[in-house]
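**Student:** Compute the structure for the input listed below.
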Amino acid sequence: MNNIIMGKVLFSTLYESKSIIKSSMTVHPTKIILFVDHELKEKQKESLNFIYETFKEAEIEILEEKLDLFDNINIIKKIKSLVKKYKNDEIYFDVSSSPKPQIFNIMNYLMISKPENLKDVFYYFYNSKESHFIRVPLFEIEKLSDKELLLIKAINSNNNLLQKEISEKIKSTEGYTSKLIEKLINSEYIEKIQKGFNLTEKGLIYLESIE
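**Tutor:** Down below sits the predicted model:
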């Protein structure tokens with residue numbers, strides 16, 4: 001049986017290069033995946049050039065991946081696809097210079113999905129007087145029950161379903177389905193609309209992350 005040789009992949013949003021250098025010195029990655037905007041800003045171009053120059057003699061593969069800034073669902077999809085792509089490697093995330101919307105979505109995905117090969121999440125704080133390299137504690141988000149997951153999947157496939165139809169879809173009594181719907185509305189996974197129900201953005205993020 002052949003042993004799988006695991007590499008180390010460091011993911012980082014690219015705005016400032018300091019944290020990436022610091023993280024690389026800690027992780028010693030075989031690959032660095034840099035998240036960049038679809039249209040690179042001047043600061044990103046400078047940081048990117050500096051990264052390539054810094055690691056030109058190192059045996060590190062540097063790759064660029066375009067990442068949306070405000071499209072939460074597409075951010076989750078991108079992160080999920082990359083984590084799956086490198087499922088045989090140890091993975092690390094540096095969220096030091098990520099814009100807040102990207103940080104929230106990266107952390108949401110990691111806490112919902114909790115990939116087995118995730119080793120560390122870093123945050124590097126620095127200013128003119130001091131710097132701190134912090135390992136970010138990661139808490140696992142409580143999973144929805146099987147019935148709750150079936151319910152949000154049913155609504156995602158058809159938001160015109162009435163409560164009786166949802167009960168049939170998830171093979172449950174109407175009374176129990178009513179309780180599930182109330183709980184998911186209160187938890188902000190779904191919302192009532194004029195005819196049927198919609199997944200909220202929280203519900204969509206959860207569903208995209210868990211599948």
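
**Student:** any idea of the mean pLDDT in the host helix or strand of Val9?
**Tutor:** If you go by DSSP states H and E, Val9 is part of strand 8-13. Per-residue pLDDT over strand 8-13 has a mean of 93.

**Student:** now the end-to-end length of stretch 115-134.
**Tutor:** With Cα to Cα, to the nearest Å as the measure, the first residue of stretch 115-134 is 20 Å from its last.

**Student:** Buried by neighbour count: which residues of it qualify?
**Tutor:** Buried residues in stretch 115-134, counting neighbours by 16 or more other Cβ atoms under 10 Å, are found at Asp120, Val121, Phe122, Tyr123, Tyr124. To be clear about C-beta, it is placed using only N, CA and C from the backbone, and glycine gets the same treatment.

**Student:** Give me the distance between the fourth one and Asn158.
**Tutor:** With distances defined as Cβ to Cβ, to the nearest Å, the gap from Tyr123 to Asn158 amounts to 41 Å.

**Student:** Likewise for Pro115?
**Tutor:** Distance of Pro115 to Asn158, computed by Cβ to Cβ: 31 Å.

**Student:** now Glu53
**Tutor:** Taken as Cβ to Cβ, the span from Glu53 to Asn158 is 53 Å.

**Student:** so where is the chain shaky, pLDDT-wise?
**Tutor:** The chain contains residues with pLDDT under 70 at 1-5, 126-131.

**Student:** longest strand of it?
**Tutor:** Ordering each strand of the chain by length in residues (DSSP state E) puts strand 118-126 first.

**Student:** what are the bridge partners for the nearest residue to Ile20 once chain neighbours are set aside, then?
**Tutor:** Counting by Cβ to Cβ, 6 or more residues apart in numbering, Ser12 is the residue found nearest to Ile20 once chain neighbours are left out, at 5.0 Å. The bridge-partner assignment for Ser12, based on DSSP bridges, gives Leu34, Asp94.

**Student:** neighbours around Ser12, how many?
**Tutor:** In terms of burial, Ser12 registers 26 neighbours under the definition other Cβ atoms under 10 Å.

**Student:** Give me the packing partners of the strand holding Val9, helices and strands only.
**Tutor:** Applying 3 or more Cβ pairs under 8 Å, 6 or more residues apart in numbering; DSSP states H and E, one finds that strand 8-13 contacts helix 18-27, strand 31-36, strand 90-94.

**Student:** which residues sit against the last one?
**Tutor:** Strand 90-94 is contacted from outside by 6-13, 19-20, 23, 27, 29, 83, 106, 110, 115, 117-124, using Cβ atoms under 8 Å, 6 or more residues apart in numbering.

**Student:** now the angle between strand 118-126 and that strand, please.
**Tutor:** Comparing the axes of strand 90-94 and strand 118-126 via axes from the mean of the first three to the mean of the last three Cα atoms, to 10 degrees yields an angle of 20 degrees.

**Student:** Kindly report the same for the longest one.
**Tutor:** Our comparison of helix 18-27 with strand 118-126, counting by the same axes, to 10 degrees, yields an angle of 140 degrees.

**Student:** Could I get the buried residue list for helix 18-27?
**Tutor:** Across helix 18-27, burial judged by 16+ other Cβ under 10 Å covers Ser19, Ile20, Lys22, Ser23, Ser24, Val27.
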